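Engineer: give me the fold of what follows.
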Amino acid sequence: MRVSLVQNNPQEDLGKSLNTVRELVQRAVDAGTDLVVLPEYYAFMGSDPVRHRDSGRYFGEIDQMMAALARETATTIHAGSLVEADGDKAFNTTVVYGADGSRIARYRKIHLFDIVLPNGTAYRESDVVAPGSEVVTYKVGDWTIGCSICYDLRFPELFRALRDRGADLLIVPAAFTLATGKDHWEVLLRARAIETGCYVAAPGQIFSFANGTRSNYGHSLVADPWGHVVAKASDTVGIVTATLDKAYLSQVRAQVPTHQHHRLS
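Structural biologist: Purely as a prediction, here's the structure:
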């Protein structure tokens with residue numbers, strides 16, 4: 001299976017951001033791919049928590065556009081995430097669109113990014129969205145794919161649960177900060193690949209948010225089940241593509257069968 005990761009820099013101009021997404025998806029399709037994966041908050045990045053939360057009102061409009069794009073390109077699209085308004089709550093939500101435009105999976109981010117960086121900068125994602133609770137997988141051909149979003153990466157028990165549900169490929173759309181990404185991003189992604197015996201595909205936002213106060217690390221990458229980085233994006237808006245090998249996946253799992261040896265519940 002060929003997987004393409006989109007690395008973009010969404011701002012508050014929704015139309016411009018979506019045009020860029022459409023162009024990058026089409027570029028991946030033209031190059032030959034089976035699955036396109038977008039970053040966290042791929043269409044809109046608000047300059048403050050209120051504006052960002054309010055972007056949930058566009059969820060239905062963007063959802064319709066992405067379903068049409070998947071259908072037009074006959075390609076499965078794992079649409080990173082958007083703010084999804086649901087009654088008096090909002091969620092950080094992934095929707096996956098099958099090659100016929102159908103919605104084949106929905107995942108709401110479980111672990112929310114509420115931290116204080118060493119420089120004193122605080123981020124409270126819980127001011128914007130509520131946590132989800134469901135572990136989600138879906139199928140593309142004979143591949144089982146597990147869903148996560150950004151900060152979820154720091155919680156290996158989620159990835160163990162995805163592997164227990166048969167995942168072969170773990171998806172981690174992100175808007176990882178430059179401050180944490182330079183030290184933690186690749187290390188954590190490779191660790192999740194090694195400990196689960198899965199491929200990991202992680203598309204990230206690049207450059208700064210609309211208010212210019214936070215920079216994103218980018219470095220979108222694919223790691224194989226041995227923990228090798230087999231594809232990585234340049235420091236620019238664009239795509240990166242990798243070919244995943246089911247036979248190699250089986251080989252690694254036979255050599256290091258940790259899933260059979262797990263004892264702690």
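Engineer: do you have the helices of the chain handy? List them.
Structural biologist: 14-31, 49-54, 59-73, 156-164, 178-196, 246-255, 258-261 (DSSP state H).
Engineer: report the distance from the shortest one to the chain centre.
Structural biologist: It stands for helix 258-261. 26 Å (Cα atoms, centre = their mean, to the nearest Å).
Engineer: show me the contact partners of it.
Structural biologist: 163, 195-197, 253 (Cβ atoms under 8 Å, 6 or more residues apart in numbering). C-beta: built from backbone N, CA, C; applies to glycine.
Engineer: do the longest one as well
Structural biologist: Helix 178-196 has contacts (Cβ under 8 Å, 6+ apart) with 117-119, 121, 153-154, 156, 159-160, 162-163, 167, 170, 172, 174, 176, 198-200, 202, 204, 214-219, 221, 223-229, 258-259.
Engineer: related to what we said a few turns ago, please indicate which of the contacts of helix 258-261 are buried?
Structural biologist: Among those, those classed as buried by neighbour count (16 or more other Cβ atoms under 10 Å) are 163, 195-197, 253.
Engineer: and the furthest pair within those?
Structural biologist: E195 and R253 (12.0 Å; Cβ to Cβ).
Engineer: which outside residues touch stretch 100-115?
Structural biologist: By Cβ under 8 Å, 6+ apart, stretch 100-115 touches 63, 67-68, 70-71, 74, 76, 81, 84, 91-98, 122-126, 129, 131-134, 136-139, 147-152, 154-155, 158.
Engineer: make CSV out of the helices of the chain and add distance to V37.
Structural biologist: Output for the helices of the chain, formatted as CSV (distance: least, Cβ to Cβ, whole Å):
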stretch, distance to V37
helix 14-31, 9
helix 49-54, 22
helix 59-73, 12
helix 156-164, 15
helix 178-196, 13
helix 246-255, 18
helix 258-261, 24
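Engineer: and the ones you listed as a markdown table, adding mean pLDDT?
Structural biologist: Output for the helices of the chain, formatted as a markdown table (pLDDT from 0 to 100):
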| stretch | mean pLDDT |
| --- | --- |
| helix 14-31 | 97 |
| helix 49-54 | 91 |
| helix 59-73 | 98 |
| helix 156-164 | 97 |
| helix 178-196 | 96 |
| helix 246-255 | 98 |
| helix 258-261 | 90 |
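Engineer: so how far is stretch 180-195 from its chain's centroid?
Structural biologist: The answer for stretch 180-195 is 14 Å, by Cα atoms, centre = their mean.
Engineer: what residues of it count as buried?
Structural biologist: 180-181, 184-186, 188-195.
Engineer: cool, and stretch 123-143?
Structural biologist: Within stretch 123-143, the residues scored as buried using 16+ other Cβ under 10 Å are 123, 125, 128-130, 132, 135-138, 140, 143.
Engineer: rounded mean pLDDT for that stretch, please.
Structural biologist: What stretch 123-143 shows for mean pLDDT is 96.
Engineer: the buried residues of stretch 123-143 in strands, which ones?
Structural biologist: The strands, defined by DSSP state E, take in 123, 137-138, 140, 143 from the buried residues of stretch 123-143.
Engineer: about what we covered before: for ChimeraX, write the selection for the buried entries among the contacts of helix 178-196.
Structural biologist: Listed next is the ChimeraX selection for buried residues among the contacts of helix 178-196, using 16+ other Cβ under 10 Å:
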select :153,159,160,162,163,167,170,172,174,176,198,199,200,202,204,214,216,217,218,219,221,223,224,225,226,227,229
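Engineer: count of neighbours near the residue nearest to E84 when sequence neighbours are not counted?
Structural biologist: Of all residues beyond its chain neighbours, the one nearest E84 is T93 (3.8 Å), with distances taken as Cβ to Cβ, 6 or more residues apart in numbering. Neighbour count for T93, taken as other Cβ atoms under 10 Å: 23.
Engineer: list the contacts of T93.
Structural biologist: By Cβ under 8 Å, 6+ apart, the neighbours of T93 are 59, 81-84, 106-109, 132.
Engineer: repeat that with 7 Å
Structural biologist: The contact partners of T93, by Cβ atoms under 7 Å, 6 or more residues apart in numbering, come to 81-82, 84, 106-108.
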